[in-house]
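> Prediction below, plus the sequence it came from.
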Amino acid sequence: MSQPKVLLLGPPGAGKGTQSGNVAETYGVEHVTTGDALRANKDMETEHGTPREYMEAGELVPDPVVNEIVEAAVSEADGFVLDGYPRNLSQAEYLDGITALDVIVSLDVGREELVRRLTGRRVDPETGEIYHTEFDMPDDDAVADRLVQRDDDTEDTVRERLRVFEENTQPVIEHYEEAGELVRIDGEQSPEAVWTDLKAAIDDA
Ligand code: AP5
Ligand code: MG
């Protein structure tokens, strides 16, 4: 399998974006992420309003908007790592209809650790690289000085995103687990240890 189709599931802050970078680089596949795509098009007018209204409240953007983004991206890619989608059962059903997956992984992290990771997350607006104020800051002061915090990483919005995850996305993880397709990885390990487990899961698929 030279071009794997990988699905990374997990709560906000589990490390999906961090690990997707490793998958894309190592296997030369597309990183398909609805979160980044929506952030780049926050003020796009749709018949449901703009993505910004939903994202800044920590709510899901309506299915038709995200389904269209994913369909366009996966139909163009040989292999991919999908991050941030599907987030509810109806999106999972839509995904089933447009592509077949080689490996489905859940990154498991407890709630307290998620809040710590998200409120400390910083992003480099120039490269998209993900950092953390306590665990992982850049060596280069010029990079450190330009880091920004995501609009939805404030404590109140983080708590709402975690609630939305429990209600909508947890059933998606259970759906794949019941189908016997899910690989669970302990996401509380170091980023390097998580990557070792994830790479093994992809290579075994
Ligand atoms: P999205 O951008 O997908 O956000 P999310 O799912 O909430 O996930 P995050 O990006 O917050 O977390 P992550 O798992 O990528 O963690 P990261 O690697 O950065 O979605 C944002 C919004 O867009 C949604 O709320 C919704 O409104 C909308 N949206 C997106 N997709 C949608 C869809 N399909 N349907 C409807 N609406 C949609 O890591 C987090 C932090 O932890 C970083 O600081 C990192 O450095 C650190 N870290 C990572 N790994 C480790 C580790 N092992 N140990 C210590 N620290 C670590
Ligand atoms: Mg992310």
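Ah, there it is. These figures come from a predicted structure and were not determined experimentally. Ligands and ions are numbered 1, 2, ... in the order given.
> Pull up the gap between the residue in the chain that ligand 1 sits nearest to and residue 14, please.
At 1.9 Å from ligand 1, residue 35 is the closest residue in the chain, using CB to the nearest ligand atom. Just so you know, the C-beta spots here come from the backbone N, C-alpha and C atoms, and that holds for glycine as well. Using CB to CB, to the nearest Å, residue 35 is found at 12 Å from residue 14.
> do the same with residue 95
19 Å.
> what do you get for residue 97?
Look at residue 97 and residue 14: by CB to CB, they are 26 Å apart.
> quick one: which of those two has more around it?
Per other CB atoms under 10 Å, whichever of residue 97 and residue 14 has more neighbours is residue 14, with 24 against 8.
> Leaving out sequence neighbours, find the closest residue to the more buried one.
The shortest distance from residue 14 to any non-neighbouring residue, by CB to CB, 6 or more residues apart in numbering, is to residue 107 (4.0 Å).
> for the one you found, what are its contacts?
8, 9, 10, 14, 15, 16, 19, 185, 187, 194 (CB atoms under 8 Å, 6 or more residues apart in numbering).
> wouldn't the fourth one be in contact with residue 110 here?
No: counting by CB atoms under 8 Å, residue 110 is not a contact partner of residue 14; they are 10.1 Å apart.
> For the chain, what lies in contact range of ligand 1?
10, 12-18, 34-35, 38, 54-55, 58-61, 66, 84-85, 87, 91, 117-118, 120-121, 130-132, 135-136, 152, 161, 190-191, 194 (CB under 6 Å from any ligand atom).
> Now which of the residues you listed would you call buried?
10, 12-18, 34-35, 38, 54-55, 58, 60-61, 66, 84-85, 87, 91, 117-118, 120-121, 130-132, 152, 161, 191, 194 (16 or more other CB atoms under 10 Å).
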